[in-house]
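> Generate coordinates for the sequence data below:
(chains A and B)
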Amino acid sequence: MGKKLIFVFVCLSSVLQAQDLAKGERKFLLKATGSLYKANQLRSNLQHYYVGGNLEYFFADKYSFRGDIYTLVGERNNVNFSMRSTTQLTAGFNRHFAVNGWSPFVGVYTGMTQLHSSPIIQDFVTEKAHPDIQYIPLVGITAGVQYYFYKYFHFYAEARFTHEVSPYASVSIDEISYTAGLGFHIPMKKVK
Amino acid sequence: MRSTISILLCFLCFYGKTQEKEKYAGEFTLGIRSTSSFFDNTNNGRPGLGTGGNFRIRLADRVNTDWFADYILSTTDYLKRADAHIGWSVLFYPFNFQNKGFKPYVLAGHCFDYSQYIDLQDYTHKADRWSSAIQGGIGTHYYFTPRFDITLQAQYMMHLGTHLEYEVVNSHVNFIKEKGTLPEGHLLITVGFNYTLGKLWGRN
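Numbers count the residues shown, from 1 in each chain, chains lettered A, B, ... in the order given. Next up, the predicted model:
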């Protein structure tokens, strides 16, 4: 399986040509990242830790479409909910301000959180009455920077602000998450 | 019979000539969007937040169709309300119809709607209803590139069908479901981002 993937990658690389990333060319670039995200809720001292990643495609030098998925792997200071799992799926667009190999960006996204939790409450009957899984719409903005240092790799750092409405009370559960790491990209520009 | 065929041929010729002039007819656009619901009678003025998607099929330079699906959640101190909308609108561009700059439009359409009210004190205590709705409003696209736009629109959606409300008596929620065709509406503000993938017809 691994050899097949390498073969496909080599074949793909032979028919595709890297755009000049150092000159700010981004169109047709396909990139993927995976990372650990730390998130702080703004209305409490609750902290979440997510593992996730994204796939981003540049349909123009300045604009890209991006899809993300995150899943909760840990939390701290939680006194209201017994969180079993949380998965976020988002889609959005980014605006890039490419300068040479650097690519600062801002973006917007929307999506859905699948929340698998139970409120920590004393009344057993009421606790039993709460649903296991809830779906919460979300919107957010993101900002960060990417640095393309090699044909297939880049560094990145970013922060995301996510706005959600609590399914348990009339309050928002906004949070800011941030991460940094190494990303992988494939130039999809065809050789003329 | 002969006259009918003649009329049909004339219509087809006219339609064909019209289509030749329609530069943007056939465009297929895919997008994501977020919708906030305002002035709802169950939210005590608090807006609901939604997420969804849409696609547009453009029939002519000045006429577009928008097909959408949204999921909107709003929560009060006593109630969780979830709305699912699936529907379509016709967009008319009275001014600029080219894919650049601002492109304002008026819209009208129809939608199917599912609402569910859940008592936050007891999730087994809930009520739901299916209804149909009509909507109308205004909006604008702004094109970053000829294929990529941001869309901002405001529309008023009026539900036709079973009416669902709630009242709180001694911190206990009672649901009130009234049969009939009472109109019930809310204002929806939508922000979306759309990308034109190509043309379904008229590529030449």
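> which residues sit in contact with whichever residue of chain B sits closest to chain A?
Nearest to chain A, among the residues of chain B, is B:Thr51, at 3.8 Å (Cβ to the nearest Cβ). C-beta coordinates here come from the backbone N, C-alpha and C atoms, glycine included. Under the criterion of Cβ atoms under 8 Å, 6 or more residues apart in numbering or on different chains, the contact list for B:Thr51 reads A:110-112, A:137-139, B:32-35, B:70-71.
> Whichever strand or helix holds A:Glu164: which residues count as buried?
Using DSSP states H and E, A:Glu164 falls within strand A:153-164. Buried residues in strand A:153-164, counted by 16 or more other Cβ atoms under 10 Å in any protein chain shown: A:154, A:156, A:158, A:160, A:162-164.
> between these, which is nearest B:Phe102?
For the buried residues of strand A:153-164, the closest approach to B:Phe102 (Cβ to Cβ) belongs to A:His163, at 26.5 Å.
> Pull the number of nearby residues for B:Glu27.
When neighbours are defined as other Cβ atoms under 10 Å in any protein chain shown, B:Glu27 has 21 of them.
> Spell out which helix or strand contains residue 140, please.
In the absence of a named chain, this looks at chain A. Using DSSP H and E, the element containing A:Gly140 is strand A:133-148.
> look at chain B instead
Secondary-structure element containing B:Thr140, defined by DSSP H and E: strand B:126-145.
> and that strand, does that touch chain A?
Yes - residues of strand B:126-145 contacting chain A under Cβ under 8 Å from any Cβ of the partner chain: B:144-145.
> Tell me which helix or strand comes right after that strand.
Following strand B:126-145 in sequence, per DSSP H and E, is strand B:148-169.
> next helix or strand past that following strand?
strand B:172-199.
> Direction included, what does that following strand pair against?
Sheet pairing for strand B:172-199, assigned by DSSP bridges, gives strand B:27-38 (antiparallel), strand B:148-169 (antiparallel).
> next structured bit after the shortest one?
Taking DSSP H and E as the definition, the helix or strand that follows strand B:27-38 towards the C-terminus is strand B:48-58.
> neighbouring strands for that next one, and are they parallel or not?
Checking strand B:48-58 against DSSP bridges gives partners strand B:27-38 (antiparallel), strand B:63-75 (antiparallel).
> Please convert the ones you listed to CSV, extending it with distance to A:Phe97.
Below are the strands paired with strand B:48-58 laid out as CSV (distance: least, Cβ to Cβ, whole Å):
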stretch, distance to A:Phe97
strand B:27-38, 22
strand B:63-75, 31
